[in-house]
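Enquirer: please find the sequence and the predicted model below.
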Amino acid sequence: MDCIFCKITGKEIPADILFEDDSLMVFKDIHPSAPVHDLIVPKEHIASIASLQGNHRDLLAHMIYTAKDTAEKLGLKGYKLVFNVGREGGQVIDHLHLHMLGGWNPIKQKKEIDAMPHPRLDK
Ligand code: AMP
Ligand code: ZN
């Protein structure tokens with residue numbers, strides 16, 4: 001299957017990897033939409049939230065807890081977690097991934113934060 005995120009999790013192509021375990025990988029988004037923009041990506045090829053099955057509940061919880069742990073390690077006080085679902089939902093890569101966005105300066109950029117989801121994720 002010609003899936004870029006399968007290739008990254010399978011180490012066929014490089015990425016800036018922050019964390020990895022048996023079931024998922026966290027790497028930096030190549031075109032960041034925020035000062036911190038990481039992707040939490042399961043190793044299993046699942047097309048999107050819309051294709052989840054009953055046996056994926058633990059995996060989904062693990063993705064969200066991994067986002068929380070990553071945010072804590074990076075010292076983020078606040079962040080946004082986004083799943084784009086389907087073309088109409090702005091999804092471009094058909095391999096499930098959770099966007100973690102943060103790192104804005106809350107004083108200087110209040111308007112931008114209020115305007116989130118970020119325009120690039122709002123496609
Ligand atoms: P989505 O629109 O939810 O499918 O988001 C896909 C995300 O993957 C985008 O934010 C892209 O910038 C990001 N992306 C695409 N190719 C790569 C890559 N090779 N490494 C890291 N991130 C990527
Ligand atoms: Zn895949």
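Expert: Looks like it came in fine. Numbering: from 1, shown residues only. Ligands and ions are numbered 1, 2, ... in the order given.

Enquirer: the biggest helix by length in the chain near ligand 1 anywhere?
Expert: Longest helix of the chain, by residue count under DSSP state H: helix 57-74. No - for helix 57-74 and ligand 1, the contact criterion (CB under 6 Å from any ligand atom) is not met; the two come no nearer than 13.7 Å. Yep, even glycine has a C-beta here, placed from its N, CA and C like the rest.

Enquirer: does whatever helix or strand comes next after that helix come close to ligand 1?
Expert: Of the helices and strands lying after helix 57-74 in sequence (DSSP states H and E), the nearest is strand 79-82. No - contact between strand 79-82 and ligand 1 is absent, the nearest approach being 7.5 Å (criterion: CB under 6 Å from any ligand atom).

Enquirer: for strand 79-82, buried residues please.
Expert: Across strand 79-82, burial judged by 16 or more other CB atoms under 10 Å covers 79, 80, 82.

Enquirer: would you check that the first one makes contact with residue 38?
Expert: The reference is to residue 79. No - the criterion here is CB atoms under 8 Å, and residue 79 misses it with residue 38 at 9.4 Å.
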